[in-house]
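Asker: make a model of this:
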Amino acid sequence: MKRNTIRVIVQIVGFLTGFLILLTLVSYMVRTNGDVKDRFAGFYAEKKDSLDIVMIGSSPVFPYYAAPKLWGERGIRMYPLSSNMQRPIAMKYLVEEAEKTQSPALYIFEMRMFTIEDEGLRENMAYTRGVTDNLRYSALRNKTIQAMVPEEDEEGRITYYLDIMKYHTNWKMLALPSEWANMTYRNAHPLKGYTFKDEVGPQPMPDCGGAGGTQPIPEEQEKYLRELLSYLKTEGHDALFIVSPYGENRDEQQMYNYIEEILSAEGYPFLNMNNYYEEIGIIFEEDFADYGSHTNAIGADKCTGFLADYLQEHYNFADRRTEAGNESWDRAYELWKGQMERAGETIRDRIAREEYAVIEEE
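Answerer: A predicted model of the protein is given here:
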């Protein structure tokens, strides 16, 4: 082969490589900004093999459990891989993604979404994109898309693989310093994935916590649960399954009882916090931001404390606060304490004035 031909080939390969790198960086930047993007980019920024716990699940995860508090008071490093209305089918793939850079001693799965039919969730692409559009490009991301996007939507899958096709009009993102920080999708999260809520939306305490009886969960969700359990067993991952306290109904409580039977048969623990309102100290008229669906900061403080006590009682996590290299975690704890004080004052003031959250109808 002539020298000029080799030079041309090298130039072409170099150009294509540079183009793909630039396309990737721009794609990460123009993805819609917000809490979920910041949370995932923050996960990728964590030091390799530094996390003790990875928590996976839907929106009950990131406003309920304050990782900085768990660190500052117990010395445990936990990070949430959570997105809004996260479909249960995603959980196995998120564990695989986490294992690329982390080897946590424990995975915690929040199970509220397993009571909802997957068909209805598939119809809203935001519930799929909340996961796929926040993963770094990889073969595993492609596999996740194939699992979550129906085969009959093969033509539409291309906008999942190349999400810049959906977000190409978001050029305004390139003017935001925060999105330049997300250019490589590794951008430390100041609160380790936690999201503060200082609204108040009261509701009466549900009377079905601890109710007996069982109801099957939707067939597809049971299939995804059993596939997840099989994967965890094969890979030797320890796992805890939880349900965060909320305004559940009796049917949901019985479905959680059904889930508990499946998990117990497979040797996995299940912690339904709806059975422990008194122990948590949860006050439904004060500790929720949106009428029983998600806690505000005071409710999160209680739920995090209850989970911390459970972990201390049932697991042997070392207190890592004496180790070197904890600067970002210490900063997160100090930041959380200051914001927690302000959020608590705001919440108590809103309760006193009966200033309650307004939920916009979609």
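
Asker: only C-alpha atoms from now on, for both contacts and neighbour counts.
Answerer: Will do.

Asker: return the residues in contact with Val30.
Answerer: 164, 167-168, 170-174, 179 (C-alpha atoms under 8 Å, 6 or more residues apart in numbering).

Asker: what about 10 Å?
Answerer: Contacts here follow C-alpha atoms under 10 Å, 6 or more residues apart in numbering; on that basis Val30 touches 163-164, 166-174, 179-180, 182-183.

Asker: look up phi and psi at it.
Answerer: phi -90, psi -10 (degrees, to the nearest 10).

Asker: got the buried residues for stretch 308-327?
Answerer: 308, 317, 320-321, 326 (16 or more other C-alpha atoms under 10 Å).

Asker: just flag the most distant two among the contacts of Val30.
Answerer: The most widely separated members of the contacts of Val30, counting by C-alpha to C-alpha, are Lys166 and Trp180 (19.3 Å).

Asker: who's more crowded, those two?
Answerer: Using other C-alpha atoms under 10 Å as the criterion, Lys166 and Trp180 rank with Trp180 on top: 18 against 15.

Asker: so how far is Glu323 from the more buried one?
Answerer: Computed as C-alpha to C-alpha, to the nearest Å, the Trp180 to Glu323 distance reads 32 Å.

Asker: kindly report the same for Thr234.
Answerer: 32 Å.

Asker: got it, and Lys223?
Answerer: Taken as C-alpha to C-alpha, the span from Lys223 to Glu323 is 42 Å.

Asker: just checking, Met91 touches Met113?
Answerer: No. Counting by C-alpha atoms under 10 Å, Met91 stays clear of Met113, with 11.1 Å between them.

Asker: need the overlap of contacts for those two.
Answerer: Contacts common to Met91 and Met113, judged by C-alpha under 10 Å, 6+ apart, are 57-58.

Asker: the more surrounded of these two?
Answerer: Ranked by neighbour count (other C-alpha under 10 Å), Met91 and Met113 place Met91 first, with 23 against 19.

Asker: okay, and for this protein, where does confidence drop off?
Answerer: Within the chain, the stretches with pLDDT under 70 are 1-3, 8-10, 12-13, 15-21, 23, 154-155, 171, 360-362.

Asker: look up how far Asp287 lies from Lys233.
Answerer: 37 Å.

Asker: I misspoke; the intended subject was Glu199.
Answerer: 9 Å.

Asker: among these two, which residue is more densely surrounded?
Answerer: Taking neighbours as other C-alpha under 10 Å, Glu199 and Asp287 compare with Asp287 leading, 29 against 25.

Asker: Ser189 reaches Ser178, doesn't it?
Answerer: Careful, residue 189 is His and not Ser. No. Contact between His189 and Ser178 fails when scored by C-alpha under 10 Å: they sit 11.4 Å apart.

Asker: overlap in contacts, these two.
Answerer: In contact with both His189 and Ser178: Asp38, using C-alpha under 10 Å, 6+ apart.

Asker: compare these two (neighbour count), which wins?
Answerer: More neighbours surround His189 than the other of His189 and Ser178, with 20 against 14 (other C-alpha under 10 Å).

Asker: wait, is that one part of a helix?
Answerer: No. Secondary structure of His189 (DSSP: H, G, I helix; E, B strand; the rest coil): coil, not part of a helix.

Asker: ok, it - contacts?
Answerer: 35, 38-46, 328, 332.

Asker: and what of Ile280?
Answerer: Here Ile280 is in contact with 245, 273-274, 299, 301-307 (criterion: C-alpha under 10 Å, 6+ apart).

Asker: strands - which of those residues land there?
Answerer: Among the contacts of Ile280, DSSP state E puts none in strands.

Asker: just the residues you listed now: which is nearest Gly209?
Answerer: For the contacts of Ile280, the nearest to Gly209 is Asn274 (5.0 Å; C-alpha to C-alpha).

Asker: go ahead and confirm that closest one touches Arg250.
Answerer: No. Between Asn274 and Arg250 there is no contact under C-alpha under 10 Å: 11.1 Å.

Asker: distance check, the residue nearest in space to the middle of the chain against Met125.
Answerer: The chain has Ser82 as the residue nearest its centroid, 1.1 Å off, counting by C-alpha atoms, centre = their mean. From Ser82 across to Met125, the span is 16 Å (C-alpha to C-alpha).
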